[in-house]
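# Using only what follows, build the 3D model:
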Amino acid sequence: MTTTDPAERLRERARDLDGLLARLDGDERDVLADRSDGTADDEHDPEGSTLSGEWQRIDALRRAAIAEREEIALALARVADGTYGICVRCGRAIPAARLDARPMATMCVACAAVAGG
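You can find the predicted model right below:
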C-alpha cells in the first residue's frame, strides 16, 4: 500500500531498510562463518564468487542502506519541524514529483542540478 503522507512513506521505507539490514547481517554472519572454515577454498573456484568478494558486496549494501536510513531520519526531522519539502538552498518548495521519486530530497531540481546531485 502506497500512501501520500510523506512521514508514513519515509517510515515505510525505513522499515524496508531495517528488514534489508537484518537480512544482510545474517548474510554477513554466514560469510564470516564460511571464511573461518579451514576447508573453504573458494579463492580457487573459477565458477563462483569468492567469500571475500561476497563479504565486500554485503558490506557495500549495508553501508548504502545505513546511509539511506540516516537520510530518512533527517527527512523525518524536517517533517517534524515543518521544513520538509522546502529547498535548503533557495527556500522554495521542492516539487511533489521530486519528493515522490526521492522522498529524502533536500533541494529542488534546479538547486540539485547546480550542486551536482
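# Run the chain-centre distance for whichever helix or strand Ala67 is part of.
Taking DSSP states H and E as the definition, Ala67 sits inside helix 51-81. Chain-centre distance of helix 51-81: 4 Å, with CA atoms, centre = their mean, to the nearest Å.
# cool, stretch 21-33 as well?
17 Å.
# and that stretch, which residues are buried?
Along stretch 21-33, these residues count as buried under the neighbour rule (16 or more other CB atoms under 10 Å): 24, 27-28, 31. Every C-beta, even on glycine, is put in place using the N, C-alpha and C of the backbone.
# just stretch 106-117 next, same as before
Buried, per 16+ other CB under 10 Å, within stretch 106-117: 106-108, 111-112.
# ok, back up a step: for the helix holding Ala67, packing partners?
helix 6-36 (3 or more CB pairs under 8 Å, 6 or more residues apart in numbering; DSSP states H and E).
# what is the mean pLDDT for the helix it packs on?
Average pLDDT, helix 6-36: 92.
# Could you tell me the angle between it and helix 51-81?
Interaxial angle, helix 6-36 versus helix 51-81 (axes from the mean of the first three to the mean of the last three CA atoms, to 10 degrees): 160 degrees.
# packing partners for helix 6-36?
Using 3+ CB pairs under 8 Å, 6+ apart: helix 6-36 touches helix 51-81.
# Let me know the next secondary structure element after the helix it packs on.
helix 96-101.
# any idea how far Ala7 lies from Val88?
Distance of Ala7 to Val88, given as CB to CB, to the nearest Å: 18 Å.
# What of Ala22?
32 Å.
# again with Ala77
According to CB to CB, Ala77 stands 13 Å off from Val88.
# Those two - which one has more neighbours?
Using other CB atoms under 10 Å, the more surrounded residue of Ala77 and Val88 is Val88, with 14 against 11.
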